[in-house]
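Visitor: My questions are about this predicted structure, shown below with the sequence.
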Amino acid sequence: MARQDGGAMVRRYAEALPSRGRLGVGPAVEVLGLPESWAAAKTALRFAAEGTE
């Protein structure tokens, strides 16, 4: 997941998402696919509306 502050998070399916702030979520992938998932998460973050925290 890409956070609005520029940081990243990696979570398992069963873990809860943070309840505050904007996030961009990339697809779940194996370890070698993480760079592509990170790129997709950053793209999703760009489309997340501000003010929807």
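Guide: Here it is on my side, so go on.

Visitor: Do a quick rundown of the helices in the chain.
Guide: 34-47 (DSSP state H).

Visitor: remind me which residues of it are low pLDDT?
Guide: Judged by pLDDT under 70, the chain has its weakly predicted residues at 13-15, 17-19, 49, 51-53.

Visitor: Show me the residue sitting in the middle of it in space.
Guide: Geometric centre of the chain, nearest residue: residue 1, 1.9 Å, by Cα atoms, centre = their mean.

Visitor: Please report the distance of that residue from residue 31.
Guide: Using Cβ to Cβ, to the nearest Å, residue 1 is found at 16 Å from residue 31. C-beta here means a position set from N, CA and C on the backbone, and glycine is covered the same way.

Visitor: again, but for residue 24
Guide: With the distance defined as Cβ to Cβ, residue 24 ends up 20 Å from residue 31.

Visitor: Comparing these two, which residue is more hemmed in?
Guide: When neighbours are counted by other Cβ atoms under 10 Å, residue 24 comes out ahead of the other of residue 24 and residue 31, with 20 against 6.

Visitor: which ones are touching that one?
Guide: Taking Cβ atoms under 8 Å, 6 or more residues apart in numbering as the definition of contact, the neighbours of residue 24 are 1-2, 40-48.

Visitor: likewise residue 37?
Guide: Residue 37 makes contacts with 26-29, as judged by Cβ under 8 Å, 6+ apart.

Visitor: Distance to residue 8 and neighbour count for the residues you listed - can I get that in TSV?
Guide: Rendered in TSV, the data for those read as follows (distance: Cβ to Cβ, whole Å; neighbours: other Cβ atoms under 10 Å):
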residue	distance to residue 8	neighbour count
26	10	22
27	14	10
28	15	10
29	14	13
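
Visitor: how about these in TSV, adding distance to residue 9?
Guide: Formatted as TSV, the contacts of residue 37 follow (distance: Cβ to Cβ, whole Å):
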residue	distance to residue 9
26	11
27	14
28	13
29	14
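
Visitor: I appreciate the help and will end here.
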